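[1] what follows is a protein structure lacking sequence information:
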Ligand code: TTP
Ligand code: CA
């Protein structure tokens, strides 16, 4: 029996929580992020604000120029969003025992067995949306399909408040018209190369022989793209304990040179990673920074901490220090930035997946920070740390 995978993604998550809790803000553009007079960025915004072309990671000054006077600007309240997230993940667990939270507002569920209990995929998707709405009063977009790729593309395809089912027999019709960029491994580097060959959609790729793709993209990427274009992808949902690493990244709509935007985005990615790690009762000692420079040069840099952590600030400071250590910062435009955590410190706890196990076994926060700084200092020399830490973290 083919698997049935569901991807759940809350709509405009931080902004939706704000509008839920402040009814007078409903129906209005709401921007969650930096203060409008400052140099920070938009974390997210309500769909009313998106109509003005505003989106995550846009400098707040640019957003403020586009938005009308009735717009509400609000600072993020991570603790409240994390509480809501926990409620969502807990209620999803009542639906399926196999839930993989992938970020604060996204999860994959293996729904294969639910078809006997609940009914067809549409009914399962409706149930997921209903339990979320009942538990937290928010809308989610849901996609169901035979694997993770299709489920994710399905949930993305109708937002907000969408429910999209792609049965195995319709995978090809669903994928064929999509742009190449939806395939993993067709990056900014390969997409233009393929487009020069007159290939624009997944369907165009699918009609190419495997050998041509391998020649154009290299053996590995060529094979991967060939498979994905046929809708063949990973169909497993990983229980938290099997996960090798936790990471979060953002691709900017336009290339970024403003260090403030990079800093804020990195801070957000670190919060997401720290949050997922704490939910899973994990602490990791390897922090990885990922940066893609214009137009397509991807760099990763890792630092090993003396003590494992799941602390947002520690992750952020380490990643920021790794970034500061790179000579290209400030000169080259950045297209993507992200943080990863791995090198798990201990066997993950098998207890309640969603209990808030934010406690980190060793040392105080201050101790850990010092150990981090020491470790980076050992690796890169002292001057770098002073540069990296010159701006007081908040
Ligand atoms: P997303 O799921 O990417 O976005 P969203 O839930 O706001 O909107 P959508 O309806 O398109 O799913 O991210 C989840 C939350 O993470 C988002 O509410 C705010 C935060 N976030 C940032 O702080 N910075 C970012 O660059 C991104 C992409 C998200
Ligand atoms: Ca979302």
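    Everything's here; your move. Keep in mind the model is a prediction, meaning the values are calculated, not measured. Numbering: from 1, shown residues only. Ligands and ions are numbered 1, 2, ... in the order given.
[2] by contact count, what packs against the host helix or strand of residue 321?
    Using DSSP states H and E, the secondary-structure element containing residue 321 is helix 312-324. Under the contact definition 3 or more CB pairs under 8 Å, 6 or more residues apart in numbering; DSSP states H and E, helix 312-324 sits against helix 259-279, strand 284-293, strand 297-309, strand 334-344, helix 365-380, helix 382-388. Bear in mind the C-beta positions are built from the backbone N, C-alpha and C, glycine included.
[3] how about these in JSON lines, adding distance to residue 223 and mean neighbour count?
    Output for these, formatted as JSON lines (distance: least, CB to CB, whole Å; neighbours: other CB atoms under 10 Å):
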{"stretch": "helix 259-279", "distance to residue 223": "30", "mean neighbour count": "23"}
{"stretch": "strand 284-293", "distance to residue 223": "22", "mean neighbour count": "22"}
{"stretch": "strand 297-309", "distance to residue 223": "20", "mean neighbour count": "18"}
{"stretch": "strand 334-344", "distance to residue 223": "23", "mean neighbour count": "22"}
{"stretch": "helix 365-380", "distance to residue 223": "36", "mean neighbour count": "17"}
{"stretch": "helix 382-388", "distance to residue 223": "40", "mean neighbour count": "15"}
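[4] nearest to ligand 1, of these?
    Comparing those by their distance to ligand 1 (CB to the nearest ligand atom), the top pick is helix 259-279, with 3.8 Å.
[5] if you average pLDDT over the closest one, what comes out?
    The average pLDDT for helix 259-279 rounds to 92.
[6] is ligand 1 contacted by it?
    Yes. Shown here: helix 259-279 in contact with ligand 1 (CB under 6 Å from any ligand atom) through 265, 268.
[7] buried set for stretch 160-168?
    160, 162, 163, 164, 165, 166 (16 or more other CB atoms under 10 Å).
[8] for that stretch, the distance to its chain's centre please.
    Distance, stretch centre to chain centre, for stretch 160-168: 20 Å (CA atoms, centre = their mean, to the nearest Å).
[9] now swap in stretch 271-288 and tell me
    That offset, for stretch 271-288, works out to 14 Å (CA atoms, centre = their mean).
[10] go on, stretch 177-190?
    That offset, for stretch 177-190, works out to 17 Å (CA atoms, centre = their mean).
[11] can you give me the end-to-end span of that stretch?
    Start-to-end span of stretch 177-190 (CA to CA, to the nearest Å) is 18 Å.
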